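Engineer: quick one, fold the following:
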Amino acid sequence: MRISARTRYATRILLDLAEHAASAPSPVSDVAARTGITPQFIEQIMKSLRRCGLVASRRGVAGGYVLAADPASISLGTIVRCTEELQDLAPCVDESERCHRADGCRTRQAWQRVSQVLFAELDAISLQELLSGDVQQCAGATGPLDGDENA
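Structural biologist: Take a look at the predicted model:
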């Protein structure tokens, strides 16, 4: 399973807005320059983030985007739910009626358990923790947090 580029970029955009929250709203061109994401993709992602209430836009000469919530209240789980089409590992996890085998399925409980653990971990990490570098390694994980095997 992989998180989409859309979700990774949405997280990068939200971190950028959080870092520049004290200044005026950030125009897309500034966010693009700081994040390396194309303005067109930023605009697409901002539509989802606005719809989810994570960002607000301001019009005018000094316009741009700002976070609509405190970085401590925005979790990675919230971002994933906002940007990913699938909210669970399998369609039957929350909606058993989507599968005619749900009642007798031997794997449904496993997918439910893994989905719960995954989203519990995602919900436990806030933008504020990412900003401050305070993300704790989860139990059972090995290696560096950033995935750099040479670190």
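Engineer: could you pull out the strands for this protein?
Structural biologist: 55-58, 64-67 (DSSP state E).
Engineer: helices and strands around the worst-scoring helix or strand of the chain on mean pLDDT, which ones?
Structural biologist: Lowest by mean pLDDT, DSSP states H and E among the helices and strands of the chain is helix 108-123, with a mean of 88. Contact here means 3 or more Cβ pairs under 8 Å, 6 or more residues apart in numbering; DSSP states H and E; on that basis helix 108-123 packs against helix 76-83. To be clear about C-beta, it is placed using only N, CA and C from the backbone, and glycine gets the same treatment.
Engineer: between the helix it packs on and helix 108-123, what angle do the directions make?
Structural biologist: Counting by axes from the mean of the first three to the mean of the last three Cα atoms, to 10 degrees, helix 76-83 points 110 degrees away from the direction of helix 108-123.
Engineer: I'd like to know which elements helix 76-83 is packed against.
Structural biologist: Other helices and strands packing on helix 76-83, by 3+ Cβ pairs under 8 Å, 6+ apart, are helix 5-19, helix 39-51, helix 108-123.
Engineer: show me how far it is from its chain's centre.
Structural biologist: The chain centre lies 4 Å from the centre of helix 76-83; the measure is Cα atoms, centre = their mean, to the nearest Å.
Engineer: contacts for that helix, please.
Structural biologist: Applying Cβ atoms under 8 Å, 6 or more residues apart in numbering, the contact partners of helix 76-83 are 3-4, 6-7, 10-11, 14, 45, 48-49, 51-52, 54, 87, 119, 122-123, 125-126, 130.
Engineer: pLDDT averaged over it - what is it?
Structural biologist: The pLDDT scores in helix 76-83 average 95.
Engineer: and if you look at stretch 32-39?
Structural biologist: For stretch 32-39, mean pLDDT rounds to 97.
Engineer: kindly check the end-to-end length of that stretch for me.
Structural biologist: Taking Cα to Cα, to the nearest Å, stretch 32-39 runs 6 Å from one end to the other.
Engineer: distance from the chain centre to it, please.
Structural biologist: 17 Å.
Engineer: got a list of what Tyr9 touches?
Structural biologist: Counting by Cβ under 8 Å, 6+ apart, the residues that Tyr9 touches are 35, 37, 41-42, 45.
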